[in-house]
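Engineer: show me the folded form of this:
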Amino acid sequence: MLVLAYADDVTVFVSYPAAFATIHQAIRFFELAAGARLNPTKSKPLAIGVWVEPATILGIDFHERVDMLGVTFGPNLTLSMRDSWIGVLRAVGAQARKAYARNLCLAQRIHYAQRCLLAKIWYVAQVFPPPHVHAQQVTAFRSWFISAGHNLPGSCD
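Structural biologist: Coordinates of the predicted model:
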């Protein structure tokens, strides 16, 4: 079992269903000590791989996919990578289309692409390296966004 915590979010990776009894006990101890309660509507268990039967001791329904900090996890690695890359490219594409219409000089476009657009892509790439087709899309997309600068003055005033 692996536990990751960030602020008030806790992620638990479980490799076998019997571990849910330990998790249940730890949650109950925490609730008693902290006066806090587990929110089942915000909790999302995901079975990855082959599970004989889902653990129901926590009373939380399993999900087919779970998003954590912009990365999508699914029932296997292939689907997780595909869904994460499709999601980030869709979001970055929408953001770029909005910014594309702004009157930015070439230097500003490059800066925006690096700081705002590619930063989101690099984050997902830390978890799942981009498949070749998505790496090509990133390159084409970046070129499209920056190339609008060829009509604009080369220096920003």
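Engineer: and the protein, what are its domain boundaries?
Structural biologist: Following automatic domain parsing, one gets these domains for the chain: 2-63, 76-151.
Engineer: what lies in contact with the strand or helix carrying V138?
Structural biologist: For V138, the element it lies in under DSSP states H and E is helix 132-147. With contacts defined as CB atoms under 8 Å, 6 or more residues apart in numbering, helix 132-147 is touched by 85, 89, 92-93, 96, 99-100, 106, 109-110, 112-113, 117-118, 121, 130. Glycine gets a C-beta too; all of them are placed from N, C-alpha and C.
Engineer: was I right about A47 contacting P75?
Structural biologist: Yes - A47 lies in contact with P75 (CB atoms under 8 Å); the separation is 6.9 Å.
Engineer: picking that back up, farthest pair within the contacts of helix 132-147?
Structural biologist: Using CB to CB, the contacts of helix 132-147 span at most 27.9 Å, a distance reached by W85 and L106.
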